[in-house]
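Undergrad: One predicted model, sequence on top.
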Amino acid sequence: MSRLPARRDCIALLALACAAAAQAQSGTGLAPVTVQGTYQNAVGTSDAASQGVATSTLLQNRPTLRPAEILEFVPGLIVTQHSGDGKANQYFLRGFNLDHGTDFATWVDGVPVNMVSHAHGQGYTDLNFLLPELVERIAYQKGPYYASEGDFSSAGAAHIRLVDSLAGPLAQLAAGQRGYRRGLVAGSTALSTGTLLYAGEAASNDGPWTVPERFRRHNAVLRFSQAEGATRWSLTGMAYDARWNATDQIPLRAVEAGTIDRFGVVDPSDGGKSSRASLSWAWQRTLDEGGWLQANAYAVRSRLDLFSNFTYLLDHPADDAAANASGLQGDQFAQAERRRIVGGSASGRWHTHLAGREGFTGVGVQVRQDRLDPVGLFHTEARQRVATVQESRVRESSIGAWASNDTQWLPWLRSIAGVRHDRFDFDVASSIAGNSGARSASITSPKLSLVLGPWSRTEFFVNSGYGFHSNDARGTVATLAPREPTPVTPVTPLVRTRGSEVGVRTEAIEGLQSSLALWQLRLGSELVFSGDAGDTEPSRASRRSGIEWNNHWRVAPWLMLDADFAWSRARFTQADPAGDRVPGAPEKVASIGATVTGYGPWSGHLQLRYFGPRPLLEDDSRRSSSTTLAYLRIGYQATPRVQLTADVFNLFNRRASDIEYFYASRLAGEPLEGVEDLHFHPVEPRTLRLAVTARF
């Protein structure tokens, strides 16, 4: 698993798929096709080499095992899972183990997905409410160079935009191995005053696990939009509900000893349930000469009950009464929250003149308040609460204001200068008296970018800027550790980041868009709030750097090739005998894909994704294995209204891990101090899913 698959295997597979399509077309010739762009990354369309847009053309042709995997359209980003599918995914980008979303901001139609002061982890990003069929585009950017981006965006950000209408009503039925079922109905209707979009989904999956996952998901979307001249507005309601059993990461020693299966579980009662409902309004007016005004408002209500056990019998050895004074039967814990969010934004961009030079000036403001009533950590046994570790009521409010100027100084020189100021207010009422209190913090983040060119269809970029991420509200006022009432120091509310990048983008070769970026990012602290322990894990300042090389090649009207490569280096910058490696930081990532569209009735996609080894400990004495996966989609347009699709995940049936950790845990009969071991969550074996989609 330490190398990419042999190149000849990939070429042979792609050739086989194309040959099948060609044979089906023999004697008839190719039908006329409409060429649609899969990326909007042309020279002159962005402010950095690492910025871009993936369109629905590509999104609808690449298979995804889970909804959040659409974020892998952001070059260099890896999406994994270490628990049940109802839990937020784990993300990796630019040398970051982003956990469930810290330092990568995700938005859906102007509504933030990252959750502050979350029960499980800061920046928690659960995209299970998303229907990929309704995604129009994903606009992505990396680094803290953009004045309009605030909390969680230091490594990058993705803005997912939904469609206002569909070409016609559709119904889809899908089925696959191991209990996978999915039904989808979607469509849009033109009304006298606008367009009504609707969609409903029901899905279930058991997976390969010895304890069936029994993942049940329901989604609904209702959207009214109206466009009149230069003005467009929409009102969108979304609802999501899910429940599941979880096979969390398991100890390697138990698998090697034959105690449990590779797809087995230590605590069969792990799992959870979650729900989300949102209502959002968006308005936009286009002005002359490329300017615009826009505003949005949103309200979100969500809840989560998550039951996990990562150490089994380490803290509460149920098989040793003398060592278990608490009387608890094992280490399972629950993280629960009930949340309400309200917020909105307003911004504008106008054509302006500066020192006699033409350009644009933009300003904006963003507000948000999260009310958690309550958020808590509990000891549980088989999902039943038996003790409270900590329970809090949290009010967290933020306001951010920004301004930027984009001026064309010379035909070959453009500058983008911006500044952003954010203020956060935290108010915590905890069940632990010493952990209650209020605190405020502010931070100002200047930005500057230069765009040079184009020359010979090639342009160059220099980007720099300051950013930040917020810490959990509970950590900013805590004076006692929840599990053991030992004194702790409140953490810094807002952590400063500083990044820079130089890059180049070229279309010198006809049909090929290629970009190269060299970047670095410094963090003032790696402090994170650990929802598993209910306190803040201290860590040191760090520096990350790397190289990204992205390529999109339109080989023929029906064939698009993608090749994205990323190399990263992450180090703590403060000396410590423990070592200077940042655990979990990815070093090498690669993604190679081929997309076939409009080849008569045939379409398809082949995707290879390589996730390289990572240090698991600060001294680099233990490292993860690499993971190489291949996805394949073959589509056939049986009639003008009916399409058949076959998706194969883990095409080569690789025996690999989605995620790996190294820490101490304890199984029954083991020493009370536990055993340090590799813990892993396996990728699912080769999986086939078939779907039929009818359009009316």
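TA: Noted; the coordinates are in hand.
Undergrad: what ranges do the strands span in the stretch 401-550 of the chain?
TA: For the stretch 401-550 of the chain, applying DSSP state E, counting those that start in this stretch gives strands covering 413-430, 437-455, 458-470, 494-506, 512-523, 528-530, 535-537, 542-556.
Undergrad: beta partners of L448?
TA: When bridges are assigned using DSSP bridges, the partners listed for L448 are A417, S464.
Undergrad: mind checking which helix or strand the nearest residue to G376 once chain neighbours are set aside is in?
TA: Spatial nearest neighbour of G376, chain neighbours left out: E391 (3.6 Å); criterion: CB to CB, 6 or more residues apart in numbering. Using the backbone N, CA and C atoms, a C-beta is placed for each residue, glycine as well. Assigned by DSSP states H and E, E391 belongs to strand 384-410.
Undergrad: and that strand, what's its mean pLDDT?
TA: For strand 384-410, mean pLDDT rounds to 97.
Undergrad: In its sheet, which strands sit next to that strand, and in what direction?
TA: Going by DSSP bridges, the partners of strand 384-410 are strand 357-381 (antiparallel), strand 413-430 (antiparallel).
Undergrad: Nearest to F611, out of those?
TA: Closest to F611 of the strands paired with strand 384-410, according to CB to CB: strand 357-381, at 30.6 Å.
Undergrad: Check which residues of that closest one are buried.
TA: 359-364, 366, 368, 370, 372, 374-381 (16 or more other CB atoms under 10 Å).
Undergrad: now the helices: where do they sit in the stretch 51-200 of the chain?
TA: 56-59 (DSSP state H, counting those that start in this stretch).
Undergrad: one step back: if I pick the residue nearest to G376, what's in contact with it?
TA: 374-378, 430-431 (CB atoms under 8 Å, 6 or more residues apart in numbering).
Undergrad: Looking at those residues, point me to the pair that's furthest apart.
TA: The distance between the two most remote of the contacts of E391 (CB to CB) is 14.0 Å, for F378 and S430.
Undergrad: ok, V211 - contacts?
TA: The neighbourhood of V211, defined by CB under 8 Å, 6+ apart, consists of 245, 247, 264-265, 268.
Undergrad: Which of the residues you listed has the largest number of neighbours?
TA: T247 (27 neighbours; other CB atoms under 10 Å).
Undergrad: thought that residue was touching H681?
TA: Yes: counting by CB atoms under 8 Å, H681 is a contact partner of T247 at 7.3 Å.
Undergrad: Mind listing the shared neighbours of those two?
TA: Here T247 and H681 have S83 as joint contacts, going by CB under 8 Å, 6+ apart.
Undergrad: what's the host helix or strand of A694 packed up against?
TA: Using DSSP H and E, A694 sits in strand 687-695. Applying 3 or more CB pairs under 8 Å, 6 or more residues apart in numbering; DSSP states H and E, we find strand 687-695 packed against strand 170-176, strand 180-190, strand 642-649.
Undergrad: Please put the alpha-carbon coordinates of the longest one into CSV.
TA: Once side chains and other backbone atoms are set aside, the C-alpha atoms of strand 180-190 remain, and they are given as CSV (Å, rounded to 0.1, in the frame of the first residue of the first chain):
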residue,chain,number,x,y,z
TYR,A,180,-27.2,-0.1,0.6
ARG,A,181,-30.5,1.5,-0.6
ARG,A,182,-31.3,5.0,-1.7
GLY,A,183,-34.3,6.7,-3.2
LEU,A,184,-34.4,10.3,-4.5
VAL,A,185,-37.1,12.4,-6.0
ALA,A,186,-36.3,16.0,-7.2
GLY,A,187,-37.6,18.5,-9.6
SER,A,188,-38.6,22.1,-10.1
THR,A,189,-41.7,23.9,-11.1
ALA,A,190,-42.1,27.3,-12.8
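Undergrad: Just the CA coordinates for stretch 359-371, please, in CSV.
TA: Only the C-alpha atoms of stretch 359-371 are listed here, as CSV (Å, rounded to 0.1, in the frame of the first residue of the first chain):
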residue,chain,number,x,y,z
GLY,A,359,-10.7,48.6,-10.2
PHE,A,360,-13.2,47.4,-7.7
THR,A,361,-13.8,48.1,-4.0
GLY,A,362,-15.7,45.7,-1.8
VAL,A,363,-17.0,45.9,1.8
GLY,A,364,-19.0,43.4,3.9
VAL,A,365,-20.1,42.5,7.4
GLN,A,366,-21.0,39.0,8.8
VAL,A,367,-22.8,38.2,12.1
ARG,A,368,-23.5,35.0,13.8
GLN,A,369,-24.7,33.7,17.2
ASP,A,370,-24.7,30.1,18.5
ARG,A,371,-26.8,29.2,21.5
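Undergrad: what's the closest non-adjacent residue to D422?
TA: In space, D422 is closest to G400, 4.2 Å off (CB to CB, 6+ apart).
Undergrad: list the contacts for the nearest residue to P454 once chain neighbours are set aside?
TA: In space, and not counting its chain neighbours, P454 is closest to V43: 5.2 Å by CB to CB, 6+ apart. Applying CB under 8 Å, 6+ apart, we find V43 in contact with 453-454, 457-459, 505-507.
Undergrad: go again using 7 Å as the cut-off
TA: 454, 457, 459, 505, 507 (CB atoms under 7 Å, 6 or more residues apart in numbering).
Undergrad: and what of R368?
TA: Contacts of R368 by CB under 7 Å, 6+ apart are 112, 341, 343, 398.
Undergrad: Go through the helices and strands packed on strand 687-695 and name the closest to R498.
TA: strand 642-649 (39.2 Å).
Undergrad: Which elements pack onto the closest one?
TA: When contacts are defined as 3 or more CB pairs under 7 Å, 6 or more residues apart in numbering; DSSP states H and E, strand 642-649 packs onto strand 627-639, strand 687-695.
Undergrad: Quick check: beta-bridge partners of the closest residue to V394 other than its chain neighbours?
TA: Excluding the flanking residues, the one nearest V394 by CB to CB, 6+ apart is L372, at 4.2 Å. As for beta bridges, L372 partners with R339, V394 under DSSP bridges.
Undergrad: residues contacting L372?
TA: 117, 337-339, 393-394.
Undergrad: how far does stretch 352-359 stretch from start to finish?
TA: This stretch, stretch 352-359, spans 5 Å end to end (CA to CA, to the nearest Å).
Undergrad: got a list of contacts for it?
TA: 360-361, 405-409.
Undergrad: any chance of those in CSV, with distance to L354 too?
TA: Shown next, in CSV, are the contacts of stretch 352-359 (distance: CB to CB, whole Å):
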residue, distance to L354
F360, 10
T361, 8
N405, 7
D406, 10
T407, 5
Q408, 10
W409, 9
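Undergrad: ok, of those, which one's closest to T64?
TA: D406 (34.7 Å).
Undergrad: Report how many residues lie close to that closest one.
TA: For D406, using other CB under 10 Å, the count is 20.
Undergrad: Next, work out how far apart it and A157 are.
TA: 18 Å (CB to CB, to the nearest Å).
Undergrad: This completes my enquiry, with thanks.
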